[in-house]
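S.K.: Test case, fold it:
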Amino acid sequence: MSLHPRRRWRPQWWTVGWLTAVWVVLWGDLSVANVLAGAVLGLAVTSGLRMGPVLFHGRVRPLGVLRLLGRFVVDLVRASVEVSLLALRPGRLPSSAVIGVQLRSHSDLYLTLTAELCSLVPGSVVVEAHRLTGRLYLHVLDVPTSGGIEAARRHVLDQEERVLRAFASDDELRAAGLEPRGTGVAA
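M.R.: Numbers count the residues shown, from 1 in each chain. So this is what the prediction gives:
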């Protein structure tokens with residue numbers, strides 16, 4: 001007996017729709033042929049590269065999303081200036097490091113969001129995300145500019161907290177060791 005019985009394949013219409021829209025935008029031409037080609041490719045991708053569903057048990061918190069996006073923009077601008085100054089400063093070699101950060105959440109979705117947001121900010125890039133342990137490994141371009149290894153770790157954990165406060169349910173926040181805001185208990 002098989003441990004993983006084969007499930008009957010059903011099209012993931014939302015994913016096919018998004019992939020079709022991306023295809024049309026990339027080609028820059030809204031035509032019947034382009035939409036059909038995008039739909040066929042979307043069906044091929046969703047059927048050929050079947051993955052398990054990403055479960056979302058949280059809720060979207062608009063104020064948390066605004067905080068997440070606002071801080072992301074601030075981090076993006078600050079890090080861009082720091083990296084450009086580092087590139088323009090002659091003779092100084094950056095002191096780089098690869099650090100491991102144990103995340104508090106055990107959700108693949110929140111691990112992915114945190115990893116993507118950390119990689120999009122110049123000066124750090126995720127080199128490995130270990131989903132079973134919930135650990136991210138990041139290359140930090142210039143550790144002294146980042147405030148040291150512990151400050152770089154703290155930055156990743158703060159980013160994860162903003163992601164959780166933007167999208168996690170109260171139960172997921174508690175499981176990550178964070179108190180939901182508005183419960184009367186200090187976070």
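
S.K.: Name the residues of stretch 27-42 that are buried.
M.R.: With burial defined by 16 or more other C-beta atoms under 10 Å, the residues of stretch 27-42 counted as buried are Asn34, Val35, Gly38, Ala39, Gly42. Bear in mind the C-beta positions are built from the backbone N, C-alpha and C, glycine included.

S.K.: where's that stretch relative to the chain centroid, distance-wise?
M.R.: Counting by C-alpha atoms, centre = their mean, to the nearest Å, stretch 27-42 is centred 28 Å from the centre of its parent chain.

S.K.: Name the surrounding residues that touch that stretch.
M.R.: Thr15, Val16, Gly17, Trp18, Leu19, Thr20, Ala21, Val22, Trp23, Val24 (C-beta atoms under 8 Å, 6 or more residues apart in numbering).

S.K.: tell me which of these is nearest to Val125?
M.R.: In terms of C-beta to C-beta, no member of the contacts of stretch 27-42 lies closer to Val125 than Val22, at 23.6 Å.

S.K.: if we can go back for a sec, can you select the buried ones from the contacts of stretch 27-42 in ChimeraX?
M.R.: Remark: buried members of these, expressed as a ChimeraX selection using 16+ other C-beta under 10 Å:
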select :16,19,20,23,24
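
S.K.: Mind picking the two most distant members of the contacts of stretch 27-42?
M.R.: So, these by C-beta to C-beta: farthest apart are Thr15 and Val24, at 15.1 Å.

S.K.: still on that earlier bit, now, the contacts of stretch 27-42 that are in strands?
M.R.: Using DSSP state E, no member of the contacts of stretch 27-42 falls in strands.
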